[in-house]
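Chemist: test case, fold it:
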Amino acid sequence: MFDVRGLLRLILTTAYSHRELGRLTGRSPTTIARYRALVQDMDFTLAQLEGASDSDLDKLFRAGHSPAEPRKTQPDWSVVALRVKKGLTLLEAHEVYALEISDKQALSYRSFCRGYARNTAASHPVMIQRHKPGAAMMVDFAGYRPKGCDDDGAERSFELFVAVLPASDVTFACVVRSQKTADWIEANERALRFFGGAPEAIVCDNLKAAVIRPKGRAGTAIINPTFQAFCEHHGVLASPAGARKPTHKAKAEIGVKLVQRLLRLALNDRPLQRRAAINASLLEVLARLNARPLRRAQGESRLSLYQKLDQPALKPLRQDAFPFHEVRRGLMLGSDYHLMHDHRRYSAPHTLIGRKLDLRVSAVSVEIWHDARMVALHPRLDRAGDVSTDPNHMPPHHLARRASAEEDLQIWARLQSDAVQTVAKAEVERPLHGAARSSLYRSFCDLHARVGSHRLEAACARAIRIGRPRLTTVRNILERGLEFTDPAVFTTPGTATVTHENVRGPAYFTEG
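Modeler: I've put the predicted structure just below:
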């Protein structure tokens, strides 16, 4: 390309001949003479040269070489873009444009497409974002699903998960079984452990494992409760990208493109591998990718930028991993004071009927929470249709009905005082079986009906004070009317000291 500005600078600042300038610029001496004559005719100065643009110089010195004005009528590109947005193809939009200027010369279809692409790019500029170190971790699942084999040798496809810290572009990837909540949590946990810290937010897609309802006209996005619990465990914020807005997590999209390309090459012409072997191959791929020099930062790699930018900015990571549990929020407690999960029922305190509770289900237990406090804990039931009811959650009349139906002494004792419960517990712990054990409930109920709760409570309290919390002791105390006496000062009535010659007294043992 002819450098007009460079030639004019040489003419104005040097005393070279036409031939010498021609050798320096690659032009003929005749051309140099013509440009020198123009400079002298216009009294063109170096200051004017510095202030003129390239297009101004072309108009002044290369008028015969300047591009001619387009002879064909240009369409209104904003109108064309609106028509394409409404559903017209570029071919149809070109036909409409050609009909509108039938008396003029229209652009060819090829030139029309080029002009449309040029104006579309100019009307949608791309901004280079500046990412704050440690501010976000962008994650996504790849469209490429690497094939492998399960533990039983059956062929299956795995899901490729990719996470990127956008400030340094350091990348992590792993394969999981599916995009279900448990695998989603596992992948995010492994990503945080790989980076060695927690960012301020996790920017993710709108998959069901992360987002129940995306942000829209209905309001803000509703995060999956289990994923929300995971974020709270590590002190990060769940920040889903907009629906159909991949640019909100552009770094993750680029990371997916790089990782799946490298993984394809790594697994090419290899037999099917198990998930652990594929993850081991991924670690080798990531080591090469993160150590590769960057063109945008001379002398740096993703790993070196991570050590300088992201690593100091990440928050310390909790040592204990997130104990996976399924979370369900806002469950209304019905009149039967039981919540249903997976066709199994678990009780909650009857005083919370009509309130909204949260359910946290792990592999071995079921927790019920209200107002950020755990109000019930049950072992997880194995069979569908089973019911787990804690007697502490039952109202008194339900508790009495269950105790009589099951002849359960411990449940019946919950309706009585602490002393009665202590004696009942001591009786239940005795090694009794069959009819002897079932008769305990009837014996206590009969005694309670005969003497009343006040006397029974006092008798049980006295039996405890003398160190014999047994049903037979309680019966003896009630038969003798001793339930309201103090055993420390008690003396059997009707007894007196008897003196007889056959009774040996204290002096007998002291006499010589």
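Chemist: count of neighbours near residue 256?
Modeler: 24 (other C-beta atoms under 10 Å). For glycine as for every other residue, the C-beta is placed from the backbone atoms N, C-alpha and C.
Chemist: now it: how far from residue 172?
Modeler: Computed as C-beta to C-beta, to the nearest Å, the residue 256 to residue 172 distance reads 12 Å.
Chemist: one more: residue 181?
Modeler: 20 Å.
Chemist: out of these two, which sits in the more crowded spot?
Modeler: Higher neighbour count among residue 181 and residue 172: residue 172, with 24 against 20, using other C-beta under 10 Å.
Chemist: export the helix or strand of the chain with the lowest mean pLDDT to CSV, keeping only CA atoms.
Modeler: Ranked by mean pLDDT, DSSP states H and E, the helix or strand of the chain with the weakest confidence is helix 396-406, at a mean of 81. Extracted in CSV, the C-alpha atoms of helix 396-406 (Å, rounded to 0.1, in the frame of the first residue of the first chain):
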residue,chain,number,x,y,z
PRO,A,396,-51.9,-35.6,74.3
HIS,A,397,-55.1,-37.3,73.2
HIS,A,398,-53.4,-38.8,70.2
LEU,A,399,-50.5,-40.0,72.5
ALA,A,400,-53.0,-41.7,74.9
ARG,A,401,-54.8,-43.4,72.1
ARG,A,402,-51.6,-44.7,70.6
ALA,A,403,-50.3,-45.9,74.0
SER,A,404,-53.5,-47.9,74.7
ALA,A,405,-53.6,-49.3,71.1
GLU,A,406,-50.0,-50.5,71.3
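Chemist: sec struct for the closest residue to residue 343 other than its chain neighbours, please.
Modeler: Nearest non-adjacent residue to residue 343, counting by C-beta to C-beta, 6 or more residues apart in numbering: residue 384, 4.1 Å away. Secondary structure for residue 384, judged by DSSP: H, G, I helix; E, B strand; the rest coil, is coil.
Chemist: so residue 384 sits right up against residue 345, yeah?
Modeler: No. With contact defined as C-beta atoms under 8 Å, residue 384 does not count as touching residue 345 (10.5 Å).
Chemist: tell me the buried residues in stretch 447-457?
Modeler: 447, 448, 451, 455, 456, 457 (16 or more other C-beta atoms under 10 Å).
Chemist: residues near the nearest residue to residue 321 once chain neighbours are set aside, how many?
Modeler: In space, and not counting its chain neighbours, residue 321 is closest to residue 189: 5.7 Å by C-beta to C-beta, 6+ apart. Residues lying near residue 189 (other C-beta under 10 Å) number 17.
Chemist: which residues are in contact with residue 189?
Modeler: 230, 321, 322 (C-beta atoms under 8 Å, 6 or more residues apart in numbering).
Chemist: may I have the beta-bridge partners of residue 140?
Modeler: residue 162 (DSSP bridges).
Chemist: can you pull the pLDDT of it?
Modeler: On the pLDDT scale, residue 140 is placed at 97.
Chemist: burial measure for it, as a count.
Modeler: 22.
Chemist: how far does stretch 4-19 sit from the chain's center?
Modeler: 67 Å (C-alpha atoms, centre = their mean, to the nearest Å).
Chemist: what comes into contact with it?
Modeler: 21, 24-25, 27, 29-30, 32-33, 35-36, 39, 44-46, 49, 54, 57-58, 61-62.
Chemist: what comes up buried for that stretch?
Modeler: Buried residues in stretch 4-19 (16+ other C-beta under 10 Å): 4, 7, 8, 10, 11, 18.
Chemist: now the third one: how far from residue 21?
Modeler: Translated: residue 8. From residue 8 to residue 21 the distance is 11 Å (C-beta to C-beta).
Chemist: how about low-confidence regions in the stretch 401-512 of the chain?
Modeler: Within the stretch 401-512 of the chain, the stretches with pLDDT under 70 are 406, 433-434, 437, 488-512.
Chemist: let's see that with 80 instead.
Modeler: Residues of the stretch 401-512 of the chain meeting the criterion pLDDT under 80: 403-407, 432-438, 486-512.
Chemist: mind listing the helices for it?
Modeler: 409-413, 418-428, 435-465, 471-480 (DSSP state H, counting those that start in this stretch).
Chemist: does the residue nearest in space to the middle of the chain sit in a helix, a strand or a coil?
Modeler: Among the residues of the chain, the one closest to the centroid is residue 227, at 3.6 Å (C-alpha atoms, centre = their mean). Using three-state DSSP, the structure places residue 227 in helix.
Chemist: what's near enough to touch it?
Modeler: Contact analysis of residue 227 by C-beta under 8 Å, 6+ apart lists 181, 184, 185, 209, 210, 238.
Chemist: against residue 197, how distant is it?
Modeler: Separation of residue 227 from residue 197 (C-beta to C-beta): 19 Å.
Chemist: likewise residue 463?
Modeler: From residue 463 to residue 197 the distance is 62 Å (C-beta to C-beta).
Chemist: what does residue 250 give?
Modeler: 22 Å.
Chemist: with adjacent residues omitted, what lies nearest to residue 182?
Modeler: Among residues not flanking residue 182 along the chain, residue 324 sits closest, at 5.9 Å (C-beta to C-beta, 6+ apart).
Chemist: ok, residue 282 next?
Modeler: Residue 282 sits nearest to residue 173 (C-beta to C-beta, 6+ apart), 5.2 Å away.
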